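# Make a model of this:
(chains A, B and C)
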Amino acid sequence: MATATSRRRGRASRRGLPASFYDRPVLEVARDLVGCVVQHGPTSGVIVETEAYHDSEPACHAFVGITRRTKTLFGEPGRAYVYRSYGVHALLNAVCEPEGVGAAVLIRALEPRRGLDLMRERRGLSASTRMNGAADRALCSGPGKLTQALGIELSDNDTDLAAGPIVIRERPSEWSDPEIVHGPRVGITKAIELPWRFCAAGSRYLSRAPRH
DNA sequence: CATGGGATTGACT
DNA sequence: GTCAATCCCATGC
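You can find the predicted model right below:
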């Protein structure tokens, strides 16, 4: 007779990484998230680029303390922090470290995995670009692109990354031990010296190539 | 209540 | 390489 747990799990767990995965130093989580899978409905991709943010440094939204905007960042680890960037794009972060610390990992790029047709539709890529790899690289190669491709919106802010609707899962077997390179974060004007960006070495799906 | 600034992207010179 | 779009929110009067 099936237990409640086995019924809930099924063949493979539908839930994502537990809160304990995120309740650690944000630099560790940023590195460990490379190779993990982000899924939203029928679309998913492997994380190939992340950045860490922490309330101790001025590039982080949480640097100003707890406000309406940063409440999620200071909240429970393992939730999504989604905010609007430049009035245009929704950016996805995973909240880290204990409640009371403002820290998160920005998901900056994915290698598309499932639901590519829907991603192309949401991204407005024409049928003529469907058959070449350059178009696939354009689907999720940036923090604003990947939320558009996966249909992630501001209303997903503060949702549980283990229960969904956005779910982040452990690395699939072919990503069990990725080579990771790190360097400075992209697109910020403060704390530019911190090498808090993490990339899957050699991935074709990054937002920009790491500096040599 | 007015203002200014973005963890970006795509179009254009 | 430059630059505008566009909106949420923190800050200051």
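
# quick one, phi/psi of A:Leu154?
Per-residue torsions, A:Leu154: phi -60, psi -30 (degrees, to the nearest 10).

# hang on, isn't it packed against A:Leu91?
No: counting by Cβ atoms under 8 Å, A:Leu154 sits too far from A:Leu91 to count as a contact (10.0 Å). Every residue, glycine included, has its C-beta placed from N, CA and C.

# Around DNA strand C, pick out the residues from chain A.
Contact residues, chain A versus DNA strand C (Cβ under 7 Å from any atom of the strand): A:Val64, A:Thr67, A:Arg68, A:Arg69, A:Thr70, A:Tyr83, A:Arg84, A:Tyr86, A:Gly87, A:Val88, A:Leu154.

# Next, show the common contact partners of A:Leu154 and A:Leu91.
Shared contacts of A:Leu154 and A:Leu91 (Cβ atoms under 8 Å, 6 or more residues apart in numbering): A:Val82, A:Tyr83, A:Arg84.

# Which secondary structure element is home to the second one?
Translated: A:Tyr83. Assigned by DSSP states H and E, A:Tyr83 falls within strand A:80-85.

# Now the element after that strand, going C-ward?
Under the assignment DSSP H and E, the closest C-terminal helix or strand after strand A:80-85 is strand A:89-95.

# what comes up buried for the next helix or strand after that next one?
Per DSSP H and E, the first helix or strand lying C-terminal to strand A:89-95 is strand A:103-114. Buried residues in strand A:103-114, counting neighbours by 16 or more other Cβ atoms under 10 Å, are found at A:Ala103, A:Ala104, A:Val105, A:Leu106, A:Ile107, A:Arg108, A:Ala109, A:Leu110, A:Glu111, A:Pro112, A:Arg113.

# what's the neighbour count on A:Ser155?
A:Ser155: 10 surrounding residues under other Cβ atoms under 10 Å.

# how about stretch A:110-127: buried residues?
Under the neighbour-count criterion of 16+ other Cβ under 10 Å, stretch A:110-127 has A:Leu110, A:Glu111, A:Pro112, A:Arg113, A:Gly115, A:Leu116, A:Met119, A:Arg120, A:Arg122, A:Arg123, A:Leu125 buried.

# Over to stretch A:67-74?
Buried positions in stretch A:67-74, judged by neighbour count with 16+ other Cβ under 10 Å: A:Thr70, A:Thr72, A:Leu73, A:Phe74.

# Endpoint to endpoint, it covers what distance?
In stretch A:67-74, first residue to last residue: 9 Å (Cα to Cα, to the nearest Å).

# Repeat that for stretch A:84-99.
For stretch A:84-99, the first-to-last residue distance is 23 Å (Cα to Cα).

# Return the set of buried residues in it.
Neighbour count says stretch A:84-99 has A:Ala90, A:Leu91, A:Leu92, A:Asn93, A:Ala94, A:Val95, A:Cys96, A:Glu97 buried, by 16+ other Cβ under 10 Å.

# Equivalent analysis for stretch A:16-35, please.
For stretch A:16-35, a neighbour-count test (16+ other Cβ under 10 Å) marks A:16-17, A:19, A:21-23, A:26-27, A:29-35 as buried.
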